[in-house]
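>>> here is my input; please provide its structure:
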Amino acid sequence: MTRFRVSLGHTPTTEPRLAERPFNLLCLSMAFVLATHATHLPWWFSLALAATLAWRWWHRRHGGRPVSMWIKLPVVGLLLAVVIATYGTLFGREPGSAFAAGLLVLKTLETEHRRDARVGVAFGGFALMSALLFNQSMVATVVVALGLVPALGTLRAIEEISPPRDPWRAELKPALLMLAASIPLAAFAFLFIPRLESPLWGAANAGKAVTGLSSTMSPGEMGELLVDDTPAMRVMFDGPVPTGEGRYFRAYTMLYFDGRQWSQGFISYPPVVGAATGNLRFSYHVTMEPTQQRILPMLDMPMAAPADAALQYDRTVLANQRVQSSRTYDATAFVNAQVDTDLSPALRRAALQLPPGVGPQARAMAEAWATQYNHDAQAIASAALGMFREGGYRYTLAPAPLGADRIDDFLFGTREGFCEYYASSFTFLMRAAGVPARVVTGYQGGYWNSLGNYLLVRRADSHAWTELWIAGRGWVRFDPTGAVRPERVSQGAASAAAIGNEGTPFIDAAWLHAMRDRWDVVNQWWNQAVNGFDALRQRGMLQPFGIRRADVGDLAVILAVGCSLLVAAALGWALFQRREGDALDSWMRRLQRKLARAGVTRRTGEGPRHFMARAARSLPAHRNALERLSELYLRSRYAHDEPPPELVKQFRQGVREFRARGMVK
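The predicted model follows:
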């Protein structure tokens, strides 16, 4: 009876061991995949995987023995435990990509034969593609495409019989040509493969805000986001463009304050939008980067929501679904708007709420203002703004840490901070003085791209300000940050942060700004033409050809016919192209052309030995050169499995130097 037992040793195989060149290319492919994922993996995790990959390359290069199964199994278990401990789950984009990258690196520990390398390359291609789930910019797409070059070079090197002697570019150049040849088929598939209504990567990132904004705010929370220079949205205007002071894009309003953090709260708000009046001034179009959130920033003051979105009671706009890919929407903004001139009792109570025991000094000062100005909201606000302007307050992106009482510590202690510090304390002061107030966060400012004729709003432009409810006027915007640093409002976040910094003429050079404009126009085109190519645009793509609305059947037929034609063209090119042979044959044909001009033509079916001998008899002045070339050719072609590069080089040099004078009659 046959007995079965579990073996942790290496399975015997007759397949030859993988050569050094393909293993090096495989490690290069894995390093490329790891580099594409490093931007969203923890730095220590990427560093550990890179060190493991480097050790494995060094270990095999120096003739190390195959890694034991007793080492590989615990390492895989450790990887699983680390991923779960870091992310809390094994499912989702971040933990899934971390686990895949780890398994890919650990695969090299058991890569000893061609089959292992093929499996590693296939898995590496999948992991490389998954990097696009995090970043679909043009640069990221090109980097991922280039990552296929070492993978294809690995597959090519695996199939070579003898160890290659050519440099690495001999492996990578054909792979690059193969990648270029696949572009037409990839473009055709991109256009005609039926697209999903929503992307597969629509799951939200757990606990990760990517817009530069949040539904909560506390001093210090936005410090890192303010220096994030990545685009948030691009805005094009049909007519006049608002000045810097008018570029406020509202996102969230916050009524509840617990002494440390502002939030939207849990108060029962009116289900309908309050009345508003205003003059139409700006009509604009927004192209918004994906945020995984529902909020749509709107230029103050919106009166209606775009399609597939709803206008809330506080004039913020929520989309029906999360913004999981680049989204465009049209909107209008009103100036001199009067919003909620009648304030409900519930909203009034919420807009006056203050936590007990917080900011006693601030309360006393605000109550004194209320008494001094006879509860005039506008006068009280002017007094607070004057205090910020003349009281020694400073705008900085790196403020000193605040104590337990953030309000009093900022107003009477550190006196330095950025927008959320000033908006938080100003709103607190107004409530303490009996003026209904709320915090608003969104974007303010932006950079005007004169080449693309649009306003580029970056995450660094995230901002916080205050709205006060004033009788007869409704909610009115006040920006206390502008009292301390007017440049933040008139010129944007970048200019405000740069005030006082000297020695940056290179950064402010006109040619650098022009390059930035051009590059952002390219990015905008990529977002609209590629990332924004959704199912709706695909269905209307064939309207110029008489198909008003292309359904899945139409796209499938076009895809099948087009792919068949492309495959037929590729097969025809492969079957009927001129067979050039290897480099040795190429130089032999060149020698034959030189001899033909001298009157010696190779006959049909004539072998190289007889042809070269006849040429030597016909050209006695070149007998020695032809006999040497004949010997080099025959030895290169028939004495080795593959022509040695050094003999091919000698033959090539001889053919170049050969000059025929004419045949003897």
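
>>> any idea how far Val484 is from the closest residue to Ala432 other than its chain neighbours?
Spatial nearest neighbour of Ala432, excluding adjacent residues (Cβ to Cβ, 6 or more residues apart in numbering): Ala366 at 3.5 Å. In short, each C-beta sits where N, CA and C put it, glycine included. For Ala366, the distance to Val484 (Cβ to Cβ, to the nearest Å) stands at 19 Å.

>>> and Pro194, by the same measure?
For Pro194 relative to Val484 (Cβ to Cβ), the value is 55 Å.

>>> again with Phe428
16 Å.

>>> show me which of those two is the more surrounded one.
Phe428 (29 against 25; other Cβ atoms under 10 Å).

>>> quick check, the more buried one in contact with Met365.
No: Phe428 lies out of contact with Met365 (Cβ atoms under 8 Å); the separation is 10.7 Å.

>>> so what does the spatially most central residue of the chain have for phi and psi?
The residue lying closest to the centre of the chain (Cα atoms, centre = their mean) is Asn135, at 2.7 Å. Backbone torsions of Asn135, given as degrees, to the nearest 10, read phi -150, psi 120.

>>> wait, it sits on Ala38?
No: judged on Cβ under 8 Å, Asn135 makes no contact with Ala38 at a distance of 11.8 Å.

>>> overlap in contacts of the two?
With Cβ atoms under 8 Å, 6 or more residues apart in numbering applied, the contact sets of Asn135 and Ala38 do not overlap.

>>> ok, Ala85 - how many residues close by?
8.

>>> next: Leu397.
Neighbours of Leu397 (other Cβ under 10 Å): 16.

>>> so it versus Arg458, what's the distance?
14 Å.

>>> can you tell me the SS state at Leu456?
strand (DSSP: H, G, I helix; E, B strand; the rest coil).

>>> so it bridges to which residues?
Note on Leu456: beta-bridge partners by DSSP bridges are Arg234, Tyr447.

>>> so it sits against Asp520, correct?
Yes: applying Cβ under 8 Å, one finds Leu456 in contact with Asp520, separated by 5.9 Å.

>>> who has more neighbours out of those two?
Leu456 (21 against 18).

>>> can you pull the contacts of that one?
So Leu456 contacts Pro231, Arg234, Gly446, Tyr447, Trp448, Asn449, Asp520 (Cβ under 8 Å, 6+ apart).

>>> Ala232 in helix, strand or coil?
Secondary structure of Ala232, per three-state DSSP, is strand.

>>> okay, now it: neighbour count?
Ala232, neighbours per other Cβ under 10 Å, totals 23.

>>> hmm, it is touching Gly442, no?
No: counting by Cβ under 8 Å, Ala232 sits too far from Gly442 to count as a contact (10.1 Å).

>>> shared neighbours of these two, anything?
Pro297, Ser462.

>>> hang on, the earlier thing: need the nearest residue in space to the residue nearest to the centre of the chain, chain neighbours excluded.
For Asn135, the spatially nearest residue (Cβ to Cβ, 6+ apart) is Thr39, at 7.2 Å.

>>> again with Ala556
Nearest one to Ala556, counting by Cβ to Cβ, 6+ apart, is Pro194 at 7.1 Å.

>>> tell me how many other residues crowd the one you found.
Neighbours of Pro194 (other Cβ under 10 Å): 15.

>>> which other helices and strands contact the helix or strand containing Ala333?
Element membership for Ala333 (DSSP states H and E) is strand 327-339. Judged by 3 or more Cβ pairs under 8 Å, 6 or more residues apart in numbering; DSSP states H and E, the packing partners of strand 327-339 are strand 276-288, strand 298-299, strand 474-478.

>>> which of those strands sits most buried?
Mean neighbours per residue, mean count of other Cβ atoms under 10 Å, is largest over those for strand 298-299, with a mean of 26.

>>> for this structure, longest helix please?
Ranked by residue count and defined by DSSP state H, the top helix of the chain is helix 552-576.

>>> quick one: buried residues of the helix or strand that that helix is followed by?
Next helix or strand after helix 552-576 toward the C-terminus (DSSP H and E): helix 583-597. Across helix 583-597, burial judged by 16 or more other Cβ atoms under 10 Å covers Leu584, Trp587, Met588, Leu591, Gln592, Leu595.

>>> OK, contacts around the nearest residue in space to Leu296 that is not next to it in sequence?
Among residues not flanking Leu296 along the chain, Val317 sits closest, at 4.4 Å (Cβ to Cβ, 6+ apart). By Cβ under 8 Å, 6+ apart, the contact set of Val317 is Ile295, Leu296, Met298, Pro302, Ala305, Pro306, Ala309, Ala310, Leu311.

>>> show me what Val317 is bridged to.
Beta-bridge partners of Val317, as defined by DSSP bridges: Leu311.

>>> any idea how far it lies from Ile295?
For Val317, the distance to Ile295 - Cβ to Cβ - is 7 Å.

>>> over to Glu110?
48 Å.

>>> so for those two, which sits in the more crowded spot?
Ranked by neighbour count (other Cβ under 10 Å), Glu110 and Ile295 place Ile295 first, with 24 against 16.
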